[in-house]
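Chemist: sequence and predicted structure, then a few things I'm wondering about:
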Amino acid sequence: MPGATRRALLLAAAAERFDPDGAPVGLLRAAGAGPFCLLPAERAGVIRVADGRIRFTGAAVRAEAYEGRPFAHRALAHAALAAVLGDDPRRFLHRAVAAPAPALGDALAAAAPTLPGALRVEAYALAAGLATTPGVRRGRLLTAAEHAWRGGDPGRARGLLREAESAAEGCGGGDGGRGVLGEVCGGDYGRGLLGEGESAAEACGGGDDDGRGLLREACGGDDGRALLLRGVVETRAGSAEDGLRLLVRAAGTGGGSPTAWVYAAEAAWAVGDAGAWRTAVRRAGLTGAGGHADPARLAHATVHAQLRGDPAIARDLARRMLDAVREAADRAGEPRALELLAGAELRLGHFRTAARHAREGLRLAERTGQPALAARHHALLALAAATTGDAPATARHAHAAGPHGQGAAATLATWALARAELLTGHADAAAARLVPLVLPGPYEGHFALRTLALPCCAEAAALCGETDAARAAVAAYERHAVHDPRAAARLLRCRALIAPDPAAARPLFERALALHDAQGPGAGFERARTQLLFGRTLHRARRPCEARHQLRAALLAFERCGAGGWATRARAELRATGGATDRADPGQLGRLTPQQARIARQVAEGSTNREIARSLSVSPRTVDHHLRNAFALLGVRSRVELARLVHDADTDA
């Protein structure tokens, strides 16, 4: 290509380095690239010009245009761009590449907060390279790492943190918080932490006071800040156990850091270490109050609301947290907020909404490189799928939660698989999963989340005849119900399941339903579960009319809240009592193929298989085949039920 074109391409590539949207045509023109210089490159398909910007058609051609030129030529290109950028803070980025100088590093660090996210990281990283002392360099690298993490780039954050550690090598420092490790980690898995050889990255002292990041004062200077950043990154993007260890050490630097304890509480929750979680909560001064705007503290308030049995408040707090992280452009924080929001919606029985939030959280967790958070979203999706009766999705998401299924994710995924088995009538398999998970023993699950599965465990054990396990689950849930006012109705339901006879169970079910009613509309799903089990008990006590009343109400409630799996189970129980399962909605017949629909309509009109075969010019065997498939799709067992379905659909239409 002509020399003028190659120079213009170099200018475009240099500009695009600090302008991801593409090089502005006007900027290149001001820097000396005439209007026709890029025409050969455009005709060759190297670049595209649109909306006043020049964009390379691929990373390889951009690299060739930039990296393929000598350093001196690249420096001249950046200098030319800096000269025409006026007051735009990007001029400091171009100058830092063109003519590195310590004074320019100070100016670049000062201008960095005015730049958008990705460029802010680049500015602090370049400013670190121009620092005159190790302390200044380390501080700027830590700030760059913090912004990289918040911007959703954990890989870049880790690389910058490694550079910051290199800057700190050889300098003295404190004990990195080892004095508090024994207090925090003396429980579930912490015995080996004190003996591990990993040491804290030590601060080098000195340095400037330009944008050191949001965590500097809270974390005892650069030493604590480095540990805190590493801890947060590890908690969400790696190992929560490693994250907890780093965060505890961060909390022990500079006289102790409430901020580090807040994040340590999150790590301990993810791991499932009750002792570490309670200690971190106490040391951070956390309460259940939500009267603040800090996302990390809002996260704890959300968890606290869930623990005290108030999912509606938890949902409101999670929404506030989501708004806060979005306002702060904290992309790494969004998946955590969505996890808490999805969990609250699940507790409220809003399964479709919960699944929508979990899908969005999963997408963002994967995009921002946070596999531990992604695992928890997979577990939430498995629970939602189990409730709606989607067994393949339940298994798929539960399996996906496995590789990073630490503590919380593993407990939720196991519960989801057991719930799916319970819905399909495999109570023995569900009990086999849940009994080790929720009852004391070597394989017990997350210290808080396992209590949520206790009613499911009691139900599974009672239905498959494991009376001792059912009684143990009920006894464990009695201890939990003291702290959760919404648990009283579920506890009465569990007691009814282990009652010696239907006569003793009946008043327990009735009291449970009265408590559900007092809790308001948010208790609709749990009320329906109680009605389902009450109806089943009445049916086995040979009281079919009363059983049908409870089962019809349960079926309608499950359908209203989108719990398709539970609706299927209620429909089967109702059919077993001899009751009509439901009225068809007009769209239900739309599930049939055209041929199946024609056959179904003729069945409703009273035609025999032989008559239908003659009218459609097919064999009676073909009619029988289509009819059996239609029965399976519509959930009916006889021609009478099919006729009623068609009639009701026509009436509704």
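Modeler: Thanks, I have the structure now. Numbering: from 1, shown residues only.

Chemist: drop to CA atoms for contacts and neighbour counts, all remaining ones
Modeler: Noted.

Chemist: in stretch 153-167, what counts as buried?
Modeler: For stretch 153-167, the neighbour count (16 or more other CA atoms under 10 Å) marks 153-158, 160-165, 167 as buried.

Chemist: dump the residues you listed into TSV; add secondary structure and distance to Leu142 as well.
Modeler: What follows is those, written out as TSV (DSSP: H, G, I helix; E, B strand; the rest coil; distance: CA to CA, whole Å):
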residue	secondary structure	distance to Leu142
Asp153	coil	14
Pro154	helix	13
Gly155	helix	14
Arg156	helix	11
Ala157	helix	9
Arg158	helix	10
Leu160	helix	7
Leu161	helix	6
Arg162	helix	10
Glu163	helix	9
Ala164	helix	6
Glu165	helix	9
Ala167	helix	11
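
Chemist: give me phi/psi at Arg48?
Modeler: Arg48 adopts backbone torsions of phi -130, psi 140, taken as degrees, to the nearest 10.

Chemist: what about it, neighbour count?
Modeler: Look at Arg48: counted by other CA atoms under 10 Å, it has 16 neighbours.

Chemist: with Met1 instead?
Modeler: 9.

Chemist: against Leu39, how distant is it?
Modeler: From Met1 across to Leu39, the span is 10 Å (CA to CA, to the nearest Å).

Chemist: can you check Pro335 too?
Modeler: Taking CA to CA, one finds Pro335 at 45 Å from Leu39.

Chemist: among the two, which residue is more densely surrounded?
Modeler: Under the criterion of other CA under 10 Å, the comparison of Pro335 against Leu39 puts Pro335 first, with 31 against 12.

Chemist: quick one: residues contacting that one.
Modeler: 360-362, 364-365, 373 (CA atoms under 8 Å, 6 or more residues apart in numbering).

Chemist: narrow those to those in helices?
Modeler: 360-362, 364-365, 373 (DSSP state H).

Chemist: closest one to Leu437 out of those residues, please.
Modeler: Leu373 (21.2 Å; CA to CA).

Chemist: doesn't Ser239 make contact with that closest one?
Modeler: No. Assessed by CA atoms under 8 Å, Leu373 is found out of contact with Ser239, at 10.7 Å.

Chemist: which stretches of the stretch 351-500 of the chain aren't confidently modelled?
Modeler: 403-406, 442-443, 483 (pLDDT under 70).

Chemist: can you rerun that using 80?
Modeler: 402-407, 440-444, 447-448, 480-486 (pLDDT under 80).

Chemist: the helices in it, which residues?
Modeler: 351-367, 371-388, 391-400, 408-423, 427-438, 454-463, 467-481, 487-497 (DSSP state H, counting those that start in this stretch).

Chemist: cool, and the stretch 551-653 of the chain?
Modeler: 564-576, 594-604, 609-616, 620-634, 639-652.

Chemist: I'd like those written out as a markdown table, with distance to Asp310 added.
Modeler: Converted to a markdown table, those look like this (distance: least, CA to CA, whole Å):
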| stretch | distance to Asp310 |
| --- | --- |
| helix 564-576 | 23 |
| helix 594-604 | 47 |
| helix 609-616 | 56 |
| helix 620-634 | 38 |
| helix 639-652 | 39 |
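
Chemist: winner for burial among these?
Modeler: Ranked by mean neighbour count, these are led by helix 564-576 with a mean of 22 (mean count of other CA atoms under 10 Å).

Chemist: please render the helices of the stretch 551-653 of the chain as TSV that adds mean pLDDT to the earlier fields.
Modeler: Putting the helices of the stretch 551-653 of the chain into TSV (pLDDT from 0 to 100) gives the following:
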stretch	mean pLDDT
helix 564-576	85
helix 594-604	88
helix 609-616	89
helix 620-634	85
helix 639-652	73
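
Chemist: the residue nearest to Ala164 when sequence neighbours are not counted: neighbouring residues, count only.
Modeler: Excluding the flanking residues, the one nearest Ala164 by CA to CA, 6 or more residues apart in numbering is Arg138, at 4.9 Å. Arg138 is flanked by 31 other residues according to other CA under 10 Å.

Chemist: repeat that for the one 10 residues further on.
Modeler: For Ala148, the count of nearby residues is 27 (other CA under 10 Å).

Chemist: okay, it and Phe631: tell me how far apart.
Modeler: In terms of CA to CA, Ala148 sits 56 Å off from Phe631.

Chemist: which strands or helices does the strand or helix carrying Gly224 pack on?
Modeler: Of the helices and strands defined by DSSP states H and E, Gly224 is found in helix 221-237. Here helix 221-237 touches helix 134-150, helix 154-168, helix 240-251, helix 258-271, helix 371-388, going by 3 or more CA pairs under 8 Å, 6 or more residues apart in numbering; DSSP states H and E.

Chemist: now do that helix against helix 240-251, angle only.
Modeler: 160 degrees (axes from the mean of the first three to the mean of the last three CA atoms, to 10 degrees).

Chemist: report the distance from helix 221-237 to the chain centre.
Modeler: Mean-position distance between helix 221-237 and its chain equals 21 Å (CA atoms, centre = their mean, to the nearest Å).

Chemist: check whether Trp415 really touches Pro455, as I assumed.
Modeler: No. Judged on CA under 8 Å, Trp415 makes no contact with Pro455 at a distance of 11.1 Å.

Chemist: which of those two has more neighbours?
Modeler: Neighbours were tallied for Trp415 and for Pro455 using other CA under 10 Å; the higher tally belongs to Trp415 (30 against 22).

Chemist: residue contacts, that one?
Modeler: Trp415 makes contacts with 383, 433-434, 453, as judged by CA under 8 Å, 6+ apart.

Chemist: rerun that using 6 Å as the cut-off
Modeler: Applying CA atoms under 6 Å, 6 or more residues apart in numbering to Trp415 gives no contacts.

Chemist: please apply the same query to Ala123.
Modeler: Ala112.

Chemist: hey, C-alpha coordinates of the helix or strand hosting it in PDB?
Modeler: Using DSSP H and E, Ala123 sits within helix 117-129. As requested, the backbone C-alpha atoms of helix 117-129 are provided in PDB (Å, rounded to 0.1, in the frame of the first residue of the first chain):
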ATOM      1  CA  GLY A 117     -13.500   2.000  32.700                       C
ATOM      2  CA  ALA A 118     -11.100   0.100  30.500                       C
ATOM      3  CA  LEU A 119      -9.000   3.200  29.700                       C
ATOM      4  CA  ARG A 120      -8.800   3.900  33.400                       C
ATOM      5  CA  VAL A 121      -7.200   0.500  33.900                       C
ATOM      6  CA  GLU A 122      -4.800   1.300  31.100                       C
ATOM      7  CA  ALA A 123      -4.000   4.700  32.500                       C
ATOM      8  CA  TYR A 124      -3.100   3.400  35.900                       C
ATOM      9  CA  ALA A 125      -1.000   0.600  34.400                       C
ATOM     10  CA  LEU A 126       0.900   3.000  32.200                       C
ATOM     11  CA  ALA A 127       1.400   5.400  35.100                       C
ATOM     12  CA  ALA A 128       2.700   2.500  37.200                       C
ATOM     13  CA  GLY A 129       5.400   1.900  34.600                       C
END
